[in-house]
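next come a sequence and a model predicted from it.
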Amino acid sequence: MKVLVVGSGGREHALCRAFARDPRVDALVCAPGNAGTAALAEPRPLDVANPDAIADLAEKVDAELTVIGPEVPLVAGAADEVRARGLAVFGPSGAAARLEGSKAFAKQIMHAAGVPTAASRDHTEVEPALADLDTFGPPYVVKYDGLAAGKGVTVTEDRAAAVAAVRASLREPGDRVVLEEYLDGPEVSLFAVVTESGAILPLLPAQDHKRVGDGDTGPNTGGMGAYTPLPWASHGLSAEIVSTVIRPTVDEMARRGTPFTGLLYAGLALTTRGPRVVEFNVRFGDPEVQAILALLATPLTDVLTGRATPRFRSGAAITVVVAAHGYPQSPRLGDPIGGLATADALTGVDVLHAGTRQDADGRIVSAGGRVLSVTAIGSNLESARGSAYEAVSRISLAGAHYRTDIGDPSRMRHAADVRRADTAIGEDPTRPRNREKE
């Protein structure tokens, strides 16, 4: 089988690694790819935001399966264009991708389906939105309705900052802003493959770390690391999320005539009232997928096409993101990266490229804010964590930074304590509890 992977980040390198292990895959293309995917897949130039260009490339390379990584082309209808050429594609239609493309639409679906989520209201005009701010805060949660490359959510105690976020979200005609209650508590990401027949195949739950600094300090990012499985989570958590969140959402989308197929990613907070949805995404999340796919034992093509239920290796996996100097505000590009081979040579370690490229001198240099996703597996999380940070220590990149507390046992003890309190102590259901992910 020939597979085309669309995208250029750590998620796409993780997908390529998984496809390279798949006995069904005998040819692999990654477009446009990066310096890491080039070692596994044929690179091709591609305007990822152009659905027609994606479909044209799928035809040109005779792809038997196209997997679209980023959200922008999915929301733009790239999967529809590929399907219109009679080719197999993993990803939702543009109409179904509105679950990520519009936060207000996602809320409508959740309310109609009875999916537990934060209370919210949306606005298209500044003054009514500002008048409504104090209904939900402080802390204030302000979300730009559309795609914003991870920068569309503001969570703050500062009312002036919330006002600025509302105004920034409503700059252009047609803009919409969503105001929500503040959520606090342990966070979980659950990915589920939704097949053409409507079957739901959940993957391992994971937890990511969004803030740039240790202890969840500093500005929000696209994700600084993740681990799986979650030793503090209840055994039936995935089944609970499928039954209360994923299945009702999929059924509601089908009822509306826009069936969802592909990858549905539920970002949740675990509250005293049970899991509450913070956001939906319609593609694999980065950096969670790097850790999840490292443990996948079933061939990836079998999972994505619904031929097999996903099985996972025992043990644990962790991903630590190495970021460029100045990330997330103004990442510096073009710095040479050293130590990649020695880090990747460690047992159980995969150094996955994200923002990298090969320069004219053949050097691997930084080409994005999140440069590398160092992923390690081990018999337990402590073992995996040790290998990941040993690999990170072997990498040289001027001005690079990373979090040192990904998978920290003390953070997991806190999460477990919160979950125990959640099951032991009832609270006023009108009081917001869960932390909002930005």
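Received, thanks.

which residues in the stretch 151-300 of the chain form helices?
159-169, 237-241, 247-255, 288-295, 300-304 (DSSP state H, counting those that start in this stretch).

winner for burial among the ones you listed?
Among those, ranked by average contacts under mean count of other CB atoms under 10 Å, first place goes to helix 288-295 (a mean of 28). Glycine gets a C-beta too; all of them are placed from N, C-alpha and C.

which other residues reach it?
Outside helix 288-295, the residues that touch it by CB atoms under 8 Å, 6 or more residues apart in numbering are 10-11, 14-15, 17-18, 189, 191, 203-204, 206-208, 223, 226-228, 300, 312-313, 315-319, 350, 352, 373, 375-377.

which of those residues count as buried?
Among the contacts of helix 288-295, the ones that count as buried by 16 or more other CB atoms under 10 Å are 10-11, 14-15, 17-18, 189, 191, 203-204, 206-208, 223, 226-228, 300, 312, 315-319, 350, 352, 373, 375-377.

taking these one by one, which sit in strands?
189, 191, 207-208, 226-228, 316-319, 350, 352, 373, 375-377 (DSSP state E).

how many neighbours does the closest residue to Glu196 other than its chain neighbours have?
Distances taken as CB to CB, 6 or more residues apart in numbering put Thr261 closest to Glu196, at 5.4 Å, once the chain neighbours are dropped. Per other CB atoms under 10 Å, the neighbour tally for Thr261 reads 22.

gap between Thr261 and Thr375?
27 Å (CB to CB, to the nearest Å).

do Asp361 as well
Separation of Asp361 from Thr375 (CB to CB): 28 Å.

can you lay out the helices of the stretch 151-300 of the chain as a markdown table showing mean pLDDT?
Output for the helices of the stretch 151-300 of the chain, formatted as a markdown table (pLDDT from 0 to 100):
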| stretch | mean pLDDT |
| --- | --- |
| helix 159-169 | 93 |
| helix 237-241 | 96 |
| helix 247-255 | 98 |
| helix 288-295 | 98 |
| helix 300-304 | 98 |
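
can you put the ones you listed in JSON lines and add distance to Val89?
Below are these laid out as JSON lines (distance: least, CB to CB, whole Å):
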{"stretch": "helix 159-169", "distance to Val89": "32"}
{"stretch": "helix 237-241", "distance to Val89": "26"}
{"stretch": "helix 247-255", "distance to Val89": "18"}
{"stretch": "helix 288-295", "distance to Val89": "18"}
{"stretch": "helix 300-304", "distance to Val89": "10"}
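
Leu333 is nearest to which of those helices?
Closest to Leu333 of those is helix 288-295 (CB to CB; 21.7 Å).
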